[in-house]
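**Student:** coords please:
(2 chains, ligands or ions: 3)
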Amino acid sequence: MPPISGLYRDLAGLLDRRRVLTGREDLLAYANDATPARVLPAAVVVPVDGAEIAAVLRYADRRCIPVVPRGAGTSLSGGATPLPGSIVLDLKRLDRIVEIDKANLMAVVECGVVTQRFQAAVEDVGLFYPPDPQSLSVCTMGGNVATRAGGPRGVKYGTTKDYVLGLEAVLPDGSLTGYGGKSVKMSSGYDLARLLTGSEGTLAVITRIMARLLPLPPARQTMLAIFPELDPAAQCVADLMAEGAGPCALELLDRVLVNCIEDFLHMGLPREVEALLLIEVDGYPAQVERDSRLIEDLCRRYGSREVTVAADAKEAESLWRARRALLPAVSLRAPTVLTEDATVPRSRVPEMVRAIRRIARANQVEVGVCGHAGDGNLHPAILADRRDPELMGRVARTVAEIGREALKLGGTLSGEHGIGTHKAAYLEWEFGPPGVELMRRIKKAFDPNGIMNPGKIFTDG
Amino acid sequence: MPDLKDLAAEIDRCSQCNFCLAACPVYREDRLESSGARGRINLVKAALLDQTLPVSGRVRELIDRCLLCTNCVQTCPASIRVDDIVAAARANLPNRNPAERMLLRRLLDRRAVSGVVGSLLKGLNLFNLPSLANPPLQQRLPAAVRPDGPVSARVAYFVGCGVNYLYPDTGEALVKVFSANGVEVVIPAGQQCCGLPALARGDKEMAREAVRANAALFAPLDVDAVVTDCTSCGYMLKVQVTALLPPDDPALPAAQAVAGRIVEATEFLAALGLQRQPRTQAVTVTYHVPCHRHWSAALADAPPKIAALVPGARFVPLREPRRCCGAGGAFFLSHRELSASIRGPKIEDIVATGAQVVLTQCPACRYFLQEGLGTESGVRVMHPLAFLAGGC
Ligand SMILES: Cc1cc2nc3c(=O)[nH]c(=O)nc-3n(C[C@H](O)[C@H](O)[C@H](O)COP(=O)(O)OP(=O)(O)OC[C@H]3O[C@@H](n4cnc5c(N)ncnc54)[C@H](O)[C@@H]3O)c2cc1C
Ligand code: SF4
Ligand code: SF4
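**Tutor:** Ligands and ions are numbered 1, 2, ... in the order given. Purely as a prediction, here's the structure:
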């Protein structure tokens, strides 16, 4: 990629030059997200407000320079990986919680606010923002909206998409657009907020989010159920939901992954199990107690030999910390780990788990199965090595076959990580050529020059 | 600290999750990902291992711009040893100032006379520097101090440089408090620096020499523990020493034996309990947790416990007790502005508690916080044991 002449000078004319980076030493830190690809952009700019974003977009649009919006760079789909010659927009400095409106159960935040900080702020006033991607200590609200991020609580509370009341965004031509606001109901015009939600930076830069909140549930309980076999555990998940036990989190870990975590944290998890279910219930105390009992009975009926209930919040937190440590724990086992997120209707979880095992065997790839099983969102962790092209070929086949299988079972390619670059090639499998063509036309309407994160969602920008 | 090549596997272990980002005090100031831990280790890999990036001034700057505070390590789900990686990178950057090295060496093996150290420190132009301990603490303390009554435990006291040269009151307090509570303290003569400052500079050989000398001195002692009143010395003596020496180093077994007995002094005392009730001190006290805290689970709980034992003392925790103060050992000497701005919120936090006394177990934190608070504020920063001694 030849350097773009005058780029630094031009950008430094748009915002404080200390917030314009073009040296390779600095660009390197932006060359990747949490996926293996590394691509140096041409520049990184760090705007502090919508006006600076608009100025940069207007400039890039005129010169047809690709722009890659970036939150915390934790994407697992390659969505935040730069393109050669692109300008990366680091949005973390737009980090104000503008308003928490208790009367209307909503809040207004800038896109760079870190999810955990936002959750803590609303919980301080007795409110609740449920979406809990496991990266919440670092990822941003903008990144969450742009990927429709979800987490364990998705099983009861849905994902980020269910908490977007409205958005403000800057379009590639520098104009500001807004949709939605404080009212819970809205039936006017096309729902642009929904359209931008999950757009992975390919349509516009989301600058502000009007987020829906709930009252904070007064009680919660975390449990751990141990299964000697994987199949009944997966079956148990499906039945738990059907019986109306209503857990707010239902995570499945198989033997490979339990052992990864144990190697790593030495917290005394049983190594000889085939599956663990990590379950949480919340609500009013009486209901929490009822649901806990129901779940315990059900787990036992499916052959769980041990169900333990966390004694207190600290013990519960340590179980969740173990869950969040999963990716780093797995990365001890292999130089590169790909976290898949194909999702199926929850009744098909047992079939999907079997299929993943079969696909892994056929391609001779080691795959650990875990996931937010309660909502059918599995996260097979594929152990790989990006320095080994032959292995990476088999890994790519594995990813593709898992995706195809999920679709066959009535599911989707991605439950929460987005399509990014990783699954762009398979988009037509899910939507067919007409579906993808319609999406392309929508993209064109927002971004006629194709500068917004090209190569993501669609292979060819 | 192993070689950078040995650390290549450690770098590869990083899953690139970026969970460490906001833990880094330098990132929080610069707000550029190149200033965070993930950026820094990727830079080290590209510039020094893969050599796909020339070692430019900016590469050096980014590698130097790290406090080795380990906040990233403590946040990282994989505990990637970012501080070791950065220190090893420094060792691989040539052209270190030889005059500086000589001075550091004289300081470290404590052969430097106070005059030399004094002029060195004066040259640094430090604000309200306490007058230099003359002679240094180690030369003032007897070889052993026995309690008047029965002896419940026997410890060896490792005298760190900060306390030896600048804050002898801490060491004197340690000896006083320990012996008042039935603990015999032995203070072997001929101690050297723990070696961490040399390591931070990337000078492994110099650090090894200090480690070997200290291991030979402490290993033969018949004591229940080797106590240190400095959390950074503790990190070095407990964790770093054994990785620093090569596997076939003759001093390794002794160093390991000593490492196994290292206990932070406040923690030791809090676990032991007080035999004598301290005198009343009607003051408000708060506590700054030094960054080098992860080598012992209880060391951050001990100072509030100690404060609670002093009648009249009111303990008010900081809003963010674990936030870095910006000192980073000697880091603040070379990064004045950066360190001062890292310190800003810490000072506000302290002032908001209304405390007259700030406890902390690190001499660098103590110096730097006191400098930030100024003298007129009336707020004094001291070691928890010195606070206790005041009430003994
Ligand atoms: C260890 C680990 C665990 C994870 N666990 C989960 C999980 O449980 N659930 C889950 O859903 N995800 C998970 N993720 C993936 C990732 O954290 C999420 O996709 C998250 O939403 C990304 O947020 P970010 O701020 O890091 O965005 P980035 O990674 O920087 O960007 C993600 C995408 O959003 C776009 N984007 C970012 N900000 C904006 C904006 N303001 N406007 C327009 N586009 C924007 C980018 O262009 C990119 O396409 C995990 C990642 C890691 C490393
Ligand atoms: S050691 Fe401290 S300053 Fe250095 S990268 Fe880690 S957190 Fe940042
Ligand atoms: S150093 Fe640790 S926390 Fe930081 S990116 Fe690497 S694995 Fe994640």
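**Student:** for residue 31, give me its contacts.
**Tutor:** Since you didn't name a chain, this refers to chain A. Contacts for residue A:31 (Cβ atoms under 8 Å, 6 or more residues apart in numbering or on different chains) come out as A:38, A:39, A:40, A:41, A:81, A:82, B:42. The way it works is simple: take the backbone N, C-alpha and C, and place the C-beta from them, glycine included.
**Student:** my bad, the chain I had in mind was chain B
**Tutor:** A:46, A:92, A:93.
**Student:** what secondary structure does the second one sit in?
**Tutor:** Recorded secondary structure, residue A:92: coil (DSSP: H, G, I helix; E, B strand; the rest coil).
**Student:** what sits against it?
**Tutor:** A:46, A:71, A:72, A:112, A:140, B:31.
**Student:** run a quick neighbour tally on the residue of the stretch 101-250 of chain B at minimum distance from ligand 1.
**Tutor:** The minimum distance from the stretch 101-250 of chain B to ligand 1, using Cβ to the nearest ligand atom, falls at residue B:239 (26.0 Å). With neighbours defined by other Cβ atoms under 10 Å in any protein chain shown, the count for residue B:239 comes to 19.
**Student:** run through the helices of the stretch 1-150 of chain A in chain order.
**Tutor:** Per DSSP state H, counting those that start in this stretch, the stretch 1-150 of chain A carries helices over the ranges A:7-12, A:24-27, A:50-63, A:115-124, A:141-147.
**Student:** I misspoke; the intended subject was the stretch 251-400 of chain A.
**Tutor:** A:255-265, A:285-301, A:313-324, A:326-331, A:349-363, A:389-408.
**Student:** which residues are in contact with the fifth one?
**Tutor:** When contacts are taken as Cβ under 8 Å, 6+ apart, the neighbours of helix A:349-363 outside the stretch itself are A:230-231, A:234-235, A:237-238, A:252, A:254, A:342, A:344, A:366-367, A:369, A:373, A:376, A:378, A:380, A:382, A:394-395, A:397-398, A:401-402, A:405-406, A:409, A:411.
**Student:** so which of the residues you listed reach chain B?
**Tutor:** Contacts with chain B within the contacts of helix A:349-363, counted by Cβ under 8 Å from any Cβ of the partner chain: none were found.
**Student:** report the buried members of the residues you listed.
**Tutor:** A:230, A:234-235, A:237-238, A:252, A:254, A:342, A:344, A:367, A:369, A:373, A:376, A:378, A:380, A:382, A:394-395, A:398, A:401-402, A:405-406, A:409, A:411 (16 or more other Cβ atoms under 10 Å in any protein chain shown).
**Student:** those in strands, which ones?
**Tutor:** A:252, A:254, A:367, A:378, A:382 (DSSP state E).
**Student:** dump the residues you listed to a markdown table, plus pLDDT.
**Tutor:** Formatted as a markdown table, these follow (pLDDT from 0 to 100):
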| residue | pLDDT |
| --- | --- |
| A:252 | 89 |
| A:254 | 87 |
| A:367 | 92 |
| A:378 | 89 |
| A:382 | 93 |
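**Student:** for those residues, which one is nearest residue A:175?
**Tutor:** For these, the residue nearest residue A:175 by Cβ to Cβ is residue A:378; the value is 40.3 Å.
**Student:** quick one on the thing from earlier: could you dump the ones in strands among the buried ones among the contacts of helix A:349-363 to JSON lines with distance to residue B:220?
**Tutor:** Converted to JSON lines, these look like this (distance: Cβ to Cβ, whole Å):
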{"residue": "A:252", "distance to residue B:220": "55"}
{"residue": "A:254", "distance to residue B:220": "52"}
{"residue": "A:367", "distance to residue B:220": "54"}
{"residue": "A:378", "distance to residue B:220": "59"}
{"residue": "A:382", "distance to residue B:220": "54"}
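**Student:** how about the residues you listed, which pair is most distant?
**Tutor:** The widest separation within these (Cβ to Cβ) is 16.5 Å, between A:252 and A:382.
**Student:** top helix in chain B by residue count?
**Tutor:** helix B:336-353 (DSSP state H).
**Student:** straight-line length of stretch A:159-168, end to end?
**Tutor:** 19 Å (Cα to Cα, to the nearest Å).
**Student:** what lies in contact with it?
**Tutor:** By Cβ under 8 Å, 6+ apart, the list of residues contacting stretch A:159-168 reads A:50, A:106, A:129-131, A:144-145, A:147-151, A:176-184, A:186, A:192-194, A:196-198, A:206-213, A:416.
**Student:** flag every buried residue along that stretch.
**Tutor:** A:159, A:160, A:161, A:163, A:164, A:165, A:166, A:167, A:168.
**Student:** count of residues packed around the residue of chain A found nearest ligand 3?
**Tutor:** Per Cβ to the nearest ligand atom, residue A:328 is where chain A lies closest to ligand 3, at 5.3 Å. Neighbourhood size, residue A:328 [other Cβ under 10 Å]: 24.
**Student:** residue farthest from the centroid of chain B?
**Tutor:** The centre of chain B is farthest from one residue, residue B:52, which by Cα atoms, centre = their mean lies 34.7 Å away.
**Student:** how about the residues of chain A by ligand 1?
**Tutor:** A:33-34, A:68-76, A:79-80, A:91, A:111, A:133-135, A:139-140, A:142-144, A:146-147, A:149-151, A:200-201, A:205-206, A:327, A:416-417, A:453, A:456 (Cβ under 6 Å from any ligand atom).
**Student:** one more time with 5 Å, if that's ok
**Tutor:** Taking Cβ under 5 Å from any ligand atom as the contact definition, chain A meets ligand 1 at A:33-34, A:69-76, A:79-80, A:91, A:111, A:133-135, A:139-140, A:142-144, A:146-147, A:149-151, A:200-201, A:205-206, A:327, A:416.
**Student:** no further questions, thank you.
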